[in-house]
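Undergrad: Quick one: sequence plus predicted model below, questions after.
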Amino acid sequence: MAQALEIAARQPALQGPIALAKAVRFAAGDQGPLDATSIREEEKDAFYAALGKRLLMLSDLPADIRAEITSALFEQCLRLGPSGLDAGVFMVAIDQDFDRAPLAPEVRAYRRRLDNDSDLRISLALLLEAVIPSGATTEL
């Protein structure tokens, strides 16, 4: 069955729904890999469906892997957000050591989208500022 799902997931029309189903099962307790590459490839629904469990799993990871996973989560928040769930990732990212330099364009785009969301602007802007100060994106 797993092999059939993997083959089906290669079909563009099925890729998103299968990824979402896997993320929901993961969040519900199924074990799955926690790797940065697969996180970076997820679509919005699948990413946010699994985010809570992934944040909980971070504390059990070695520091270097935690930084790598946090970086992938942060990048996806910048790419797919804003969402209120981004706050958890931003809080974790504040204390993590990962390369923020390549993210300058994504940070600027996220800030523009955030400016258009009055419900999230105040809380998420402050947290994003703690991860990457606004003056830093011109220096990155």
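TA: That came in fine, so what should we check first?
Undergrad: Quick one: the helices in the chain, in order.
TA: 2-8, 12-27, 36-41, 44-58, 63-80, 86-94, 104-115, 121-131, 136-139 (DSSP state H).
Undergrad: Quick one: these as JSON lines, columns for mean neighbour count and mean pLDDT too.
TA: C-beta here means a position set from N, CA and C on the backbone, and glycine is covered the same way. Listed next are the helices of the chain as JSON lines, based on neighbours: other CB atoms under 10 Å; pLDDT from 0 to 100:
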{"stretch": "helix 2-8", "mean neighbour count": "9", "mean pLDDT": "62"}
{"stretch": "helix 12-27", "mean neighbour count": "16", "mean pLDDT": "57"}
{"stretch": "helix 36-41", "mean neighbour count": "15", "mean pLDDT": "93"}
{"stretch": "helix 44-58", "mean neighbour count": "18", "mean pLDDT": "93"}
{"stretch": "helix 63-80", "mean neighbour count": "20", "mean pLDDT": "96"}
{"stretch": "helix 86-94", "mean neighbour count": "20", "mean pLDDT": "97"}
{"stretch": "helix 104-115", "mean neighbour count": "15", "mean pLDDT": "95"}
{"stretch": "helix 121-131", "mean neighbour count": "16", "mean pLDDT": "94"}
{"stretch": "helix 136-139", "mean neighbour count": "12", "mean pLDDT": "59"}
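Undergrad: Now do the contacts for the residue nearest the centre of the chain.
TA: By CA atoms, centre = their mean, the chain has its centre lying nearest to residue 73, at 2.8 Å. Residues near residue 73 by CB atoms under 8 Å, 6 or more residues apart in numbering: 39, 51, 54-55, 89, 92-93.
Undergrad: Grab the nearest non-local neighbour of residue 131.
TA: In space, and not counting its chain neighbours, residue 131 is closest to residue 93: 4.8 Å by CB to CB, 6 or more residues apart in numbering.
Undergrad: Repeat that for residue 123.
TA: Closest to residue 123 by CB to CB, 6+ apart is residue 87, at 6.5 Å.
Undergrad: Could I get the contacting residues of that neighbour?
TA: 123-124, 127.
Undergrad: Let's see that with 10 Å instead.
TA: Counting by CB atoms under 10 Å, 6 or more residues apart in numbering, residue 87 touches 77, 120, 123-124, 126-128.
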